[in-house]
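A.B. asks: Build me a model:
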Amino acid sequence: MRSNRFETSDWADRHRRNLATRHTHQDALTNREFDRLLKACEQLPEPQRFEARLICLMAGRLGLRAGEIAHTNIEWIDWDRKLIRIPEREDCNCGYCRRQAHQEAKHNRDLSFPQAMRSRWRPKTVASARVIPFDVSLRVGLCIDRFADHYSEFPKSRSTINRRVGEAAEHSELSGRVYPHCLRATAASFHSYRGVPPVPLQALMGWSDLSTAQKYIRISGSVTARAVRHAHHR
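C.D. replies: Residues are numbered from 1 along each chain as shown. Just a heads-up that it's a prediction; the model follows:
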């Protein structure tokens, strides 16, 4: 009897902690809030203005992670099919990748720093290597065009992405927390409300587990681009 009582108490404690934990999908912005954030980007001086807008659209409408944005280059863009292709691996020697490689080598005796660097950069999971259609809206497409006209690769570091989002958020005067990963949740919510089903949504966002997509509303499959475009242009 005593054992059952303790087990019940442990379960109740875990349940209370879970309720108290705030998940990223709870911080997703509404369409109105997202528009306010984009307008706030216009209050920044150039080139911060364009950088902030590009980051907000790539994260908040295309669902790219901050690390993916930081490593974006024009070789990823398929102009004929209007797709961004995130590769399984990309050669990179940036400060962020070097720090990650140092950490891997430090915690793995069988791995040297040069060996760790050979696998840099790579996306978060195997599922993160994916294709993302960027013609879901005119303003996203125009922003990608402008990026390609001026840069061969994203011009700033991973930490700058956090700063640019923070600067735009400060000017927007939104009440909740605004950070790069909540913009990914914003993208997931945006597409799910437009009717993109659970497996294409999972593929679009690069999630390993379908249950993550089910938090937003269902999707799937190899026809991600067609499903997303159908949802937006029907």
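A.B. asks: Number of residues surrounding residue 231?
C.D. replies: When neighbours are defined as other Cβ atoms under 10 Å, residue 231 has 19 of them. All C-beta spots, glycine's among them, are computed from the backbone N, C-alpha and C.
A.B. asks: residues contacting it?
C.D. replies: By Cβ atoms under 8 Å, 6 or more residues apart in numbering, residue 231 lies in contact with 191, 194-196.
A.B. asks: same deal with residue 40?
C.D. replies: Contacts of residue 40 (Cβ under 8 Å, 6+ apart): 168-173.
A.B. asks: Any idea which of these the model trusts least?
C.D. replies: Looking at these by pLDDT, the weakest one is residue 173, with 90.
A.B. asks: Of the contacts of residue 231, which belong to strands?
C.D. replies: Judged by DSSP state E, the contacts of residue 231 include no members of strands.
A.B. asks: Mind checking which of these are in helices?
C.D. replies: residue 191 (DSSP state H).
A.B. asks: want to throw the contacts of residue 231 into JSON lines with distance to residue 150, neighbour count and pLDDT?
C.D. replies: Output for the contacts of residue 231, formatted as JSON lines (distance: Cβ to Cβ, whole Å; neighbours: other Cβ atoms under 10 Å; pLDDT from 0 to 100):
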{"residue": "191", "distance to residue 150": "28", "neighbour count": "27", "pLDDT": "91"}
{"residue": "194", "distance to residue 150": "30", "neighbour count": "14", "pLDDT": "85"}
{"residue": "195", "distance to residue 150": "34", "neighbour count": "14", "pLDDT": "81"}
{"residue": "196", "distance to residue 150": "31", "neighbour count": "27", "pLDDT": "86"}
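A.B. asks: what's the most distant pair in the contacts of residue 231?
C.D. replies: Maximum pairwise distance among the contacts of residue 231 (Cβ to Cβ): 8.4 Å, between 191 and 195.
A.B. asks: so which of the contacts of residue 231 would you say is closest to residue 118?
C.D. replies: Of the contacts of residue 231, the one sitting nearest to residue 118 (Cβ to Cβ) turns out to be residue 191, at 34.8 Å.
A.B. asks: contacting residues for the closest one?
C.D. replies: Shown in contact with residue 191 (Cβ under 8 Å, 6+ apart): 63, 201, 204, 216, 228, 231.
A.B. asks: Where do the strands of the protein begin and end?
C.D. replies: 77-78, 83-85, 131-133, 219-220.
A.B. asks: How far away from the center of its chain is the second one?
C.D. replies: Relative to its parent chain, strand 83-85 has a centroid offset of 14 Å by Cα atoms, centre = their mean, to the nearest Å.
A.B. asks: Show me the chain divided up by domain.
C.D. replies: 24-88+123-233, 89-122 (automatic domain parsing).
A.B. asks: Of those, flag the one that's most buried.
C.D. replies: domain 24-88+123-233 (a mean of 18; mean count of other Cβ atoms under 10 Å).
A.B. asks: Could you tell me the end-to-end distance of that domain?
C.D. replies: Taking Cα to Cα, to the nearest Å, domain 24-88+123-233 runs 28 Å from one end to the other.
A.B. asks: gap between it and the chain center?
C.D. replies: Worked out by Cα atoms, centre = their mean, domain 24-88+123-233 lies 6 Å from the chain centre.
A.B. asks: List the contacts of stretch 150-161.
C.D. replies: Stretch 150-161 is contacted from outside by 47, 51, 55, 66-67, 69-74, 94-96, 147, 164, 180, using Cβ under 8 Å, 6+ apart.
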